[in-house]
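S.K.: pasting a predicted model and its sequence here:
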Amino acid sequence: MTISNVPQKTINIAVLTVSDTRTVATDTSGQTLIERLQDAGHSLAQHGIVKDDVYQIRAAVSQWIADRNVHAVLVTGGTGFTARDTTPDALLPLFDQVIEGFGELFRSLSYAEVGTSTIQSRTVAGVANRTVIFSIPGSTGACRTAWDGIIKQQLDSRHRPCNFVEMVTFNSVVRQSS
């Protein structure tokens, strides 16, 4: 449930695309997330593309979780079962807390779209240094599913009974959007 008569807090969100082949011009998944977060009234803090490499992923995300002005990080790509899919392996050691329900809920929503193939998604989420991090499969459809079905509400300060905004903006200045 969203309370509409309360102003929404605008938060700063970084987007990281994990891919060995995508460029800024071909990164439809990252662009989808950027458009959706901006349409929801949030600010794009930074956008990056890194190779599917544990250390490149950790380096980019570590930089953002150390920045008090980045409240959330959306990572798309690298969540499958191939040898090159290392995003969960890169992120899990960074988390102070794992958000187990994200992967469960994502796979439940995704099942309606891709059937049992959703079992191959190792999507994860967690909190690190008061920054919420969501890891999403690399397909544009999966990004839409994750944002529209879960993340948009959880990053909306008006969503009840709970959301992540108060936690990630504690001791931080955020703008009120109307």
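M.R.: All right, it came through fine.
S.K.: where exactly do the helices run in the protein?
M.R.: For the chain, helices defined by DSSP state H occupy the ranges 28-39, 54-65, 87-91, 100-114, 140-146, 152-154, 165-169.
S.K.: do you know which of the ones you listed lies nearest residue 14?
M.R.: Ranking those by proximity to residue 14 (CB to CB) places helix 54-65 first, at 4.6 Å. The way it works is simple: take the backbone N, C-alpha and C, and place the C-beta from them, glycine included.
S.K.: give me the contact list for the closest one.
M.R.: 14, 16, 18, 45-46, 48, 50, 70, 73, 75, 78, 86-87, 89-91, 93-94, 128-129, 131, 133 (CB atoms under 8 Å, 6 or more residues apart in numbering).
S.K.: so which of these belong to strands?
M.R.: Applying DSSP state E to the contacts of helix 54-65, the entries found in strands are 14, 16, 18, 45, 46, 48, 50, 73, 75, 128, 131, 133.
S.K.: among these, which one sits closest to residue 157?
M.R.: Closest to residue 157, out of all of those and judged by CB to CB, is residue 131, at 15.9 Å.
S.K.: how much space between the closest one and residue 75?
M.R.: Using CB to CB, to the nearest Å, residue 131 is found at 12 Å from residue 75.
S.K.: the more surrounded of the two?
M.R.: A direct count of neighbours by other CB atoms under 10 Å for residue 131 and residue 75 places residue 75 higher, at 31 against 25.
S.K.: so for stretch 71-83, mean pLDDT?
M.R.: For stretch 71-83, mean pLDDT rounds to 92.
S.K.: could you do stretch 151-161 as well?
M.R.: The model assigns stretch 151-161 a mean pLDDT of 94.
S.K.: give me the contacts around it.
M.R.: Stretch 151-161 is touched from outside by 1-4, 6, 8-9, 11, 13, 36-37, 40, 42, 72, 74, 132, 134, 163-166, with contacts defined as CB under 8 Å, 6+ apart.
S.K.: with stretch 15-26 instead?
M.R.: Contacts of stretch 15-26 (CB under 8 Å, 6+ apart): 27, 29-30, 33-34, 37, 44, 46-52, 57, 60-61, 64, 73-78, 84, 86-87, 138.
S.K.: for it, which positions count as buried?
M.R.: Neighbour-count burial for stretch 15-26 flags 15, 16, 17, 18, 19, 22 (criterion: 16 or more other CB atoms under 10 Å).
S.K.: quick check: the gap between the fourth one and residue 95.
M.R.: Residue 18 sits 17 Å away from residue 95, taking CB to CB as the criterion.
S.K.: please apply the same query to the third one.
M.R.: Residue 17 sits at a distance of 20 Å from residue 95 (criterion: CB to CB).
S.K.: rewinding a little: can you select the buried ones from the contacts of stretch 15-26 in ChimeraX?
M.R.: A single ChimeraX command is used to select the members of the contacts of stretch 15-26 judged buried by 16+ other CB under 10 Å:
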select :27,29,30,33,34,37,46,47,48,49,50,52,57,60,61,64,73,74,75,76,77,78,86,87,138
